[in-house]
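quick one: sequence and predicted model below, then my questions.
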Amino acid sequence: MDGLVTGAAEGGPARGGVLVYRGEPGLGKTTLLAEIRAAAEDRCTVLTGRGGETLTSVPFHVTRQLLQPALDLLGEDDVRALLGDHHDLLAPALGIASPPLPSAAPADPQGVRDGLARLMEALAEHLRDRPPVLLVDDAHWADAETLAWLDTFSRARRTGGAPVLVVLAHRPLRTDPRGAGAPATLTALAARAVLTLGLSALTREATAVLARETLGGHADEAFCDELWAVTSGNPYETVELLAKARDRMLEPVAGSAALLRDLGAGARGGGLVARLEALGVGPTRLAWATAVLGTDSTPQLLAAVTGLEREEIEEHTGSLRRTRIMREGRERRDSRDNGDGGESGDGRDGRDSSESGGNSDGGGGGDDGRSRQPQPPDPLEFAHPLIATAVYASVPAAVRTALHGRAAWALAEAGHGPAAASRHLLEVHPDDDEDVVVRLRAAAVEHLAVGAPEAARRCLARALAEPPGPETYARVLYELGCASLLTAPGATVRHLRSALDLPGLDDELRIDATYRLAEVLAHSNQLQEAVRTVAAEVGRTPPGTGRRRLQAAHFMYEGFQAAEADGPRRSRRLAELTAGFTGADDSERALVSVRAFDAMLRGEPADEIVRLCDLALVDGLPARGLGWTDPTWGFEIPALTGIAYVFADRPDRGEALFGEAVRAFEISGWSGAHLAFGHTLLGLVQRRRGNLPGAQRHLEEGLGLADRVGSGLPVHWDTACLLVDTLLARGRVAEARAVADRYAFGPPWPGAIVLPDGPSVLGRLLLAEGRHEEGVGTLEAAAEALTVRGRHHGLWAPWPFDLARALAATDPGRAAGIAAEAHAHAERHGTPTVLGESLRCLALFAEPAEARDLLTRAVAHLSASPSRYEEARARLDLARATGSAETLAEAKALATACGANLLPTDPVTARASIHPPR
């Protein structure tokens, strides 16, 4: 420990990390943390926090204990500088600002975790002269949100970054069989720890030494042996029993040994409860209320919950402290509390009140983001978590429920936010109380705003059990479904379906519930069900903005399907619907975006596609209600516009949109699948421009972000597909195969289309590997699936060019026909890139003179395009056809600038002449 602290303070070889102390209650974990604190506080910034048995449901409770004191030492400008663009995201979670308005999009939990990890790095840099040492006691009772960000921070710590030492103390873990919850997170943290130490009980000899130091050297062996037998060597129980023996002036000799067992029984369990009850009704009631309130056990709230006067509370507190049930007040604590071999502090309380100046109620701070409530009086604290647990368990069930109800009422009356009272309302028996439903719904909104959807889900599930009135029940189901959107798609589907089946949702909420239900179905690879769900609601929704919103979702998800019964008919209906649109409102713009994307897939004239994209935007940007993080429409609408731009040879406009997407996702803390997709889209832009190393970097970043969220997500398919295509362009066939294998890129294909067409790219990979027959079969399947849907964009689905080359030597007539048809579609679409690629393919089947002319035209088109890699390939073909050393040098220079090795990536050309047999 001392080495780690020294390394953190001096920036030496031991630059912080995670240190874990693990042991049963009473073995001295808190004592060890106190020793670390004493060793570190002169050289480091010590930040402390403690989990609480009844506070595990309060999001970021321990986080606030750890970080608020450090932030309190800084000025407002310094805090804003540390938080940077993430201020609005993180400040509510830290309790230094009120949560956003209910209409704001929920905070992404992964984004909050990542933001807190970056804040910790920034804080460590700011405190480099006194590096942070984080001490977390009773970590087994820490809230899940705190443990998750500590886990994120320990994973993401930069090599060479400012040192941070995180010390965790917790009881042995009872592993969750589902591999979830605090045990799983603490296990993951321990796996990355510099050191994990398990604490043991005192030996018989150590117990004897402690007895003689406390009661005198004349304590005999029989007395000491009985002391060890009664306490099983537990340090806390040993110290408590010795203190009682000293108070009663018990002679430490064999004749007194038999009395130790009776004395020891009063330190725990039923004996402790009997000792408490012997103090009388007043102290017992006060202890019960303290067990329920935890960190909120201030005189004001204790009086409200117990009905005791302040003078009575002071009197009963004295009695509880004299019997060592409660801790001494701050002014009377001495080194004995942390140095006697036991553990001090209230495991239910969740903080060391002498250190934490932050809020403990789970609610926000002042409206200006930095206002603080005056420092409250010390909360009353139990002397040890074992006592807190025993007292809470001893409260009769009906009384305990009533105390929780009074605690919730008292917190509300004292001005605490809904989230502060929610942990108590969760413990109250359902009683058809609409006020409880209102408070729990308000608490859920606050939890969502700080990135704690599980806490919101608990509140709303409890609200349903109350239950709400008939006019409110469906709304609560709807809110519960939305709260589960980020964490439990299956639950979202169930809750939203139930809400839609019940009366109580107005037209606006029905439309929103349907849109969100379709959204989660689509993201869960259930596109057909998403289409059916929206179609049914469209049929019962009157014309207007709401209907157009549902129509946009309907056409979008129909088009996203990997297969559909009549794609051309759907495209015609979409074109007819949007023909007269002027972009008058968001619903028209959204439908126009869907239409532009569909037109792109079909290979319609690029000028029309660009016109539609322009119409979908306002001054080149998404309209205010259609932004990347807007909760109403989702990120898909602006994404469709940007993708259509890119494949219409306007990657500049796509890049502007996608760059704004990444920035919006980062500021909003959407650092999971959304940010991954943002990097995928930027990778697409660079791939189309021919900046292959840049494309590879973005795509690998996207996959890394997606991997943190899960596996088999839609973004995995898109990103892996683009990365395989990019690696093939770079001549890295083996790397492309490794990516394809790692992400199972290939059949069975998902129910949604892949960006770009997955079978086309897989066919290209198989040909590059020399698996000619498999490659041709895959490309032919792609041709059949896309042709029937009328999708002929030669860059989205480049199967015609690769299939024509693959068949050039064995079936030149068919190959030439494929190339000619692809060129006809290219002329209709009209972009320089597609025209150049089609002319390059046609040249394979022309006489030498004509081939040179076709390739010269291909180079001219591609020189006017944004596609530098395709231009390099065309120049290489022209050099081969003309024998021009100058053109060959230009091709090689351009390929090098693109980061490409052309020869291995064009396997068919490597096997066949530019002029195969006619």
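Noted; the coordinates are in hand. Numbers count the residues shown, from 1 in each chain.

now do the strands in this protein.
Ranges of strands in the chain, per DSSP state E, are 16-22, 45-50, 132-137, 164-170, 195-198.

quick one, which of those strands is nearest to residue 870?
Closest to residue 870 of these is strand 164-170 (Cβ to Cβ; 48.2 Å). Placement of C-beta: from N, CA and C, glycine included.

contact partners of the closest one?
For strand 164-170, the surrounding residues in contact (Cβ atoms under 8 Å, 6 or more residues apart in numbering) are 1, 4-5, 8, 16-23, 29-30, 32-33, 36, 40, 44, 51, 120-121, 124, 131-140, 150, 153-154, 157, 186, 189.

7 Å instead?
The contact list for strand 164-170 (Cβ atoms under 7 Å, 6 or more residues apart in numbering) reads 4-5, 8, 16-22, 29-30, 32-33, 36, 120, 124, 131-140, 150, 154, 186, 189.

swap in stretch 781-788?
In contact with stretch 781-788 (Cβ under 7 Å, 6+ apart) are residues 563, 757, 759-760, 763, 797, 799, 803.

could you turn the buried ones of those into a ChimeraX selection?
Applying 16 or more other Cβ atoms under 10 Å to the contacts of stretch 781-788, the buried members can be selected in ChimeraX as follows:
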select :757,759,760,763,797,799,803
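
and residue 166, how many neighbours?
25 (other Cβ atoms under 10 Å).

who does it bridge with?
residue 18, residue 134 (DSSP bridges).

which parts of stretch 299-315 are buried?
Buried residues in stretch 299-315 (16+ other Cβ under 10 Å): 299, 301-306, 308, 312-313.

what residues are up against the residue lying closest to residue 549 once chain neighbours are set aside?
Spatial nearest neighbour of residue 549, excluding adjacent residues (Cβ to Cβ, 6 or more residues apart in numbering): residue 587 at 5.3 Å. Residue 587 is in contact with 545, 548-549, 552, counting by Cβ under 7 Å, 6+ apart.

which of the buried residues of stretch 299-315 sit farthest apart?
Taking Cβ to Cβ, the two most distant members of those are 301 and 312; they sit 14.7 Å apart.

and which of the contacts of residue 587 is nearest to residue 320?
Nearest to residue 320 among the contacts of residue 587: residue 549, at 60.7 Å, using Cβ to Cβ.

quick check: that closest one touching residue 513?
No - applying Cβ atoms under 7 Å as the test, residue 549 and residue 513 come out as separate, 12.0 Å apart.

quick check: residue 53 touching residue 389?
Yes - using Cβ under 7 Å, residue 53 makes contact with residue 389 at a distance of 6.2 Å.

any idea how far stretch 783-794 is from the chain center?
Centroid displacement of stretch 783-794 relative to its chain, using Cα atoms, centre = their mean, to the nearest Å, is 37 Å.

so for that stretch, what's the average pLDDT?
In this model, stretch 783-794 has a mean pLDDT of 96.

so which bits of that stretch are buried?
Neighbour counts using 16+ other Cβ under 10 Å place 783, 785-786, 789-794 of stretch 783-794 among the buried residues.

measure that stretch end to end?
This stretch, stretch 783-794, spans 11 Å end to end (Cα to Cα, to the nearest Å).

neighbours around residue 255, how many?
For residue 255, the neighbour count with other Cβ under 10 Å is 11.

in this protein, where is pLDDT below threshold?
Counting by pLDDT under 70, the chain shows low-confidence ranges at 1, 4, 8-15, 101-103, 158-161, 175-180, 266-270, 329-377, 486, 903-918.

now with 80?
Scanning the chain for pLDDT under 80 picks out 1-16, 99-105, 156-162, 174-181, 264-271, 328-378, 486-487, 902-918.

helices - which of the buried residues of stretch 299-315 land there?
299, 301-306, 312-313 (DSSP state H).

nearest to residue 116, of the residues you listed?
Nearest to residue 116 among those, counting by Cβ to Cβ, is residue 301 at 28.8 Å.

how about the residue lying closest to the closest one once chain neighbours are set aside, what does it touch?
The shortest distance from residue 301 to any non-neighbouring residue, by Cβ to Cβ, 6+ apart, is to residue 410 (5.1 Å). Residue 410 makes contact with 301, 304-305 under the criterion Cβ under 7 Å, 6+ apart.

do residue 670 as well
Shown in contact with residue 670 (Cβ under 7 Å, 6+ apart): 108, 111, 629.

rerun at 10 Å
89, 105, 107-108, 110-111, 114, 486, 628-629, 635, 661-662, 664, 676-678 (Cβ atoms under 10 Å, 6 or more residues apart in numbering).

could you identify the most distant pair in the contacts of stretch 781-788?
Spatially, the most separated pair among the contacts of stretch 781-788 is 563 and 803, at 19.8 Å (Cβ to Cβ).

and which of the ones in helices among the buried residues of stretch 299-315 is nearest residue 273?
Sorting those by how near they are to residue 273, with Cβ to Cβ, puts residue 306 at the top with 18.0 Å.

looking at it, that closest one is touching residue 291, isn't it?
No - contact criterion Cβ atoms under 10 Å: residue 306 and residue 291 do not qualify, at 11.8 Å.

quick one on the thing from earlier: tell me the spacing between the residue nearest to residue 549 and residue 610.
22 Å (Cβ to Cβ, to the nearest Å).

how about residue 673?
Taking Cβ to Cβ, one finds residue 673 at 29 Å from residue 610.

one more: residue 666?
Relative to residue 610, and taking Cβ to Cβ, residue 666 is found at 28 Å.

how about residue 258?
From residue 258 across to residue 610, the span is 95 Å (Cβ to Cβ).

tell me how many other residues crowd the closest residue to residue 816 other than its chain neighbours.
Nearest residue to residue 816, sequence neighbours excluded (Cβ to Cβ, 6+ apart): residue 845, at 4.0 Å. Neighbour count for residue 845, taken as other Cβ under 10 Å: 22.

relative to residue 106, how far out is residue 660?
Residue 660 is 21 Å from residue 106, where distance means Cβ to Cβ.

the more surrounded of the two?
Neighbour tally, residue 660 and residue 106, criterion other Cβ under 10 Å: the higher count belongs to residue 106, 22 against 17.

could I get the contacting residues of the closest residue to the more buried one other than its chain neighbours?
Among residues not flanking residue 106 along the chain, residue 448 sits closest, at 4.0 Å (Cβ to Cβ, 6+ apart). Applying Cβ under 10 Å, 6+ apart to residue 448 gives the contacts 99-100, 102, 104-107, 109, 455-457, 459-460, 479, 482-483, 485-486.

so how do I select the buried members of those in ChimeraX?
Those of the contacts of residue 448 that count as buried under 16+ other Cβ under 10 Å are selected in ChimeraX with:
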select :99,100,105,106,107,109,455,456,457,459,460,479,482,483,485,486
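
dump the residue contacts of residue 763.
757, 771, 774-783, 798-799, 802-803, 806.

that older thread, pick the one among the ones in helices among the buried residues of stretch 299-315 closest to residue 432.
Using Cβ to Cβ, residue 305 comes nearest to residue 432 of these, at 23.5 Å.

before we move on, back to that, report the set of residues contacting both of residue 306 and residue 291.
The contact lists of residue 306 and residue 291 share residue 403, where a contact means Cβ under 10 Å, 6+ apart.
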